[in-house]
Each structure stands twice: as C-alpha cells, then as structure tokens.
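Participant: Got a sequence here, can you model it:
(one chain, ligands or ions: 1)
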Amino acid sequence: MSMHLTIEEQDMLAGEQGRATQKAMQILVALGEIYGAEYMIPVCSVQVAGVSYDNLGDAGLQFLAEMADGGGRVRVLTTLNPAGMDRENWRALGIPADFAEKQERVLEAFSRMGVSLTCTCTPYLAGNLPGQGDHLAWSESSAVCYANAVLGARTNREGGPSALAAALTGRTPGYGMHIPENRLPSIAFHVEPTLRETRDFGALGKAIGEKIEASKAIPYISGVSTASLENLKSFCASLATYGGVALFHMAGITPEAGQFPHPVEALTITQQELEESAQSLNDAGSQQVDFISLGCPHLSLPEIAHIASLLKGQKAKREFWVTTSRLVKHAADRLGYTRIIEEAGARFAADTCCVVAPIRDRFSVMATDSAKACYYAYAKNKFKTVFLPFDEVVKQALQ
Ligand code: F3S
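Facilitator: Alright, predicted model coming up:
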C-alpha cells in the first residue's frame, strides 16, 4: 500500500521544491513504506546524528554537501548531535588538523542548510525543548528516549539521513512512537534499591536494558521515588544503549506513566542486581586511570557548578574532559565555573564528546559515571573503564 501524501508533499516528491527536498521526500516515503506508514506527520523539531567526521567519512560528507548544493533548507528548528571536535578548543584536546578541516566542512554543509550548529545530545538543555505530545524527528538514542519518556513528545529513533530529510521537508512518516497504541508498556519492573546517583540510574538502565534487549518491550518501572533531570538523562542513555529502548514509563515520574494500563506482574530489580550491573562496568583491575570524562550525556549547568565546587583550588593530575554543549558552557563562562575548572587543569570539550572524538590509542583506562560511556569506551576505543559515582570520578583526577 502506498502512502497518502498531501498536495504539498506530492510537489516535494515531484521535485517542484528543489532537488534536495525531492531526495529528502524520497527517503521518507521509502521509510514510510517499509514500516507501513499511511501518511506523513508534520514535525516541529529535528535533531540530526551523524555529525562527527570520524563516523561520517568522505561518503557522508559528500552526501551532506550534495543536499546543501541541491538547495536543501530546513523548515523547522534543527540541531545536531556532538561533532568530532570542540571547534574552539580542538588543538588543546589533541585533535589532528586534517580531521579538524574535514569536520569544519561537515558543519559548513549543515550551516548552509540552515541547521543550528548546536552540537549536543541534550538538545533539551540547549534551546531545542519540545512539549508533551509534540512530534519530532530526533536521532540520538539517549535524547530520543528522554524526549519520548520524560518530555512525553513523540519520536522514532531516526538515522542521520532520515532526520535530515525530516528537517528539509518538515515531515516524518507516521509509524512507531508517533502512534499512541505503540506507546503502551508491555513489561513491568519493580526497583527495590534506593537510587541516589547518576551512576545508580546508569546501572539500572543497564540491568533493565539487558533483560529486554531482544524483545524491544516498553518497560513500566515502579519503585523509583524520585529522579532528577540528571538522573533521568543518565538512565535514558543507559537504557537506550543496553536495551535499544526508545520509551519507558516510570510511575510517579514520567508524564504518560498513568495514561496506559500496564502489566500487573513485575520483575524485581534487587540491590544485588544493581551492584552487579555497576561492577560489570569496572574492568580495569589495578590499571591506572589516565583519562577522566564527565558529560555523557552532556552535562547540565548544575553538574558543571558541582564540578567547579569540587575542583576549586585543586590541581587535576590526569587528562580530564568536561563535556557539554556550547550553550551551557557559555552560561558556565558567565557564572565563573569555567575559570575555576580550567584553573584546576581540566579541559572543556564543548559540542563534542569522548565517544565521537578521534581519541583511539591515546588512553588506556577511562573513569566516568556514565554506563553509556563505558560501553562505547570499550566498543569504539578499546579503553578499560572505571565506573564510579560522579564525585568519585572527579577525585580520580586529583589523585
Ligand atoms: Fe552524548 Fe557522546 Fe554520550 S553523544 S550520550 S556524550 S556518547
């Protein structure tokens, strides 16, 4: 069955609105037909992944340049996932000049299409904050999970090309998370331990994610009495990484948790399981930590303020990256946190991160509070990991 398109969408597909728009609509129609969508849905916000030249390569760069040359222009607010480097601080972070040149060309192509060069996995902390019920086309898995579960917005996990296509047309095919019936919880968990830290929430995301990975079920989670924004962004990143989950409901915490019936029988997550989940991410043994990274997903302003309070008057003895969006860093600059952190010898890595930057072979053991960062530190860079509470990670830099 082919999709029903409006007159305007048919014009886009026929090439009446330029080559790039035509290509974008072709991508969306193909996707919609694969997933059985009957119509397109207007989106109000897009977040595009596939920004680091380390992941895109020359083929990706060429695709973007062709879309920009073909007259592609975004129709809705569109931001980017982290780039492969901090555009202002890349030399200090050890990024090679030839990589920087290619990364700039990627960003230039996005810029020509009218994309906001805000490169962050926490767009909701940097001006791209949708409301409940809004339809989006976001790519970054942790942000997709946060948007669906915490904000109550609606987005599938888009690939880089389909997100860009949504930006250039203002549409996405109506299937998956856009359809209310597909948002029902299908498995329930009761969490026994009290969760305190971002690290606890990361460990919980891993424990639950690994139980449902194969089924792709939507979990309903009870027993968590309170969760900060920072806790939830850590949980979303971990649940999406280890379980491929784009939506969960958490009793008393997420907006749609009370709107749907949920399975009565719940699997229990015990204290012991939580500890085992956390311990499984500590594989460095007696090896010395040589890289400290906080900000996966990108740090909030309160987290940066807290790092500043822990580092004030101290000296970091190891490479320490403080990873956030440029916009949040600007606020940290104005509030004096940046000066304190940099005087202590830590480095800001803005609009980039330890996973998408080309840092293979530079370090052996990374300390972090992020379960997601642990996964990719090994999978992408073959680093060993030390998985600690936030404050303990900062202390690792001072030892
Ligand atoms: Fe963000 Fe990079 Fe982590 S994109 S979620 S900081 S792996």
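
Participant: Can you name the residue of the stretch 151-300 of the chain nearest the ligand?
Facilitator: C296 (3.3 Å; CB to the nearest ligand atom). C-beta coordinates here come from the backbone N, C-alpha and C atoms, glycine included.

Participant: Tell me if I'm right that that residue and K372 touch.
Facilitator: Yes - assessed by CB atoms under 8 Å, C296 is found in contact with K372 at 5.6 Å.

Participant: Who has more neighbours out of those two?
Facilitator: Using other CB atoms under 10 Å as the criterion, C296 and K372 rank with C296 on top: 31 against 25.

Participant: Now do the same contact list for the more buried one.
Facilitator: Applying CB atoms under 8 Å, 6 or more residues apart in numbering to C296 gives the contacts C121, A237, T323, C353, C354, V355, T368, S370, K372, A373.

Participant: Could you report the neighbour count for the second one?
Facilitator: So that's A237. 29.

Participant: Got the confidence number for it?
Facilitator: For A237, the model assigns a pLDDT of 98.

Participant: how much distance is there from the helix or strand where it lies to the middle of the chain?
Facilitator: Per DSSP states H and E: A237 is located in helix 229-243. The chain centre lies 9 Å from the centre of helix 229-243; the measure is CA atoms, centre = their mean, to the nearest Å.

Participant: that older thread, need the three-state assignment for the residue of the stretch 151-300 of the chain closest to the ligand.
Facilitator: coil (DSSP: H, G, I helix; E, B strand; the rest coil).

Participant: isn't A203 right up against Q271?
Facilitator: No - A203 is beyond contact range of Q271, at 10.8 Å (criterion: CB under 8 Å).

Participant: So between these two, which is more surrounded?
Facilitator: Ranked by neighbour count (other CB under 10 Å), A203 and Q271 place A203 first, with 28 against 11.

Participant: So which elements touch the helix or strand containing that one?
Facilitator: For A203, the host element (DSSP H and E) is helix 198-212. Packing contacts for helix 198-212, counted by 3 or more CB pairs under 8 Å, 6 or more residues apart in numbering; DSSP states H and E, involve strand 187-191, strand 219-222, helix 229-243, strand 266-269, helix 271-279, helix 371-381, strand 384-387.

Participant: Quickly check: the third one near the ligand or not.
Facilitator: To tie it back to what came earlier, the one meant is helix 229-243. Yes - Helix 229-243 is in contact with the ligand by CB under 6 Å from any ligand atom, via A237.

Participant: Specify the local secondary structure of P161.
Facilitator: Under three-state DSSP, P161 comes out as helix.

Participant: Distance-wise, check it relative to L294.
Facilitator: 31 Å (CB to CB, to the nearest Å).

Participant: still on that earlier bit, who wins for neighbours among the contacts of C296?
Facilitator: Counting by other CB under 10 Å, top hit in the contacts of C296: S370 with 33 neighbours.

Participant: and the gap between it and the ligand?
Facilitator: 6 Å (CB to the nearest ligand atom, to the nearest Å).

Participant: for Q47, same thing?
Facilitator: For Q47, the distance to the ligand - CB to the nearest ligand atom - is 11 Å.

Participant: circling back to that earlier point, mind listing the shared neighbours of C296 and K372?
Facilitator: Counting by CB under 8 Å, 6+ apart, the residues touching both C296 and K372 are A237.

Participant: tell me the contacts of F390?
Facilitator: Per CB under 8 Å, 6+ apart, neighbours of F390: E197, T198, R199, L294, E303, H306, D369.

Participant: what's the spacing between C44 and V74?
Facilitator: C44 is 12 Å from V74, by CB to CB.

Participant: count of residues packed around D11?
Facilitator: When neighbours are counted by other CB under 10 Å, D11 comes out with 15.

Participant: Isn't it up against G18?
Facilitator: No - the criterion here is CB under 8 Å, and D11 misses it with G18 at 10.5 Å.

Participant: Which residue ranges of this structure form helices?
Facilitator: 7-14, 19-35, 53-69, 97-112, 141-145, 160-169, 198-212, 229-243, 271-279, 301-311, 326-335, 337-343, 371-381, 390-398 (DSSP state H).
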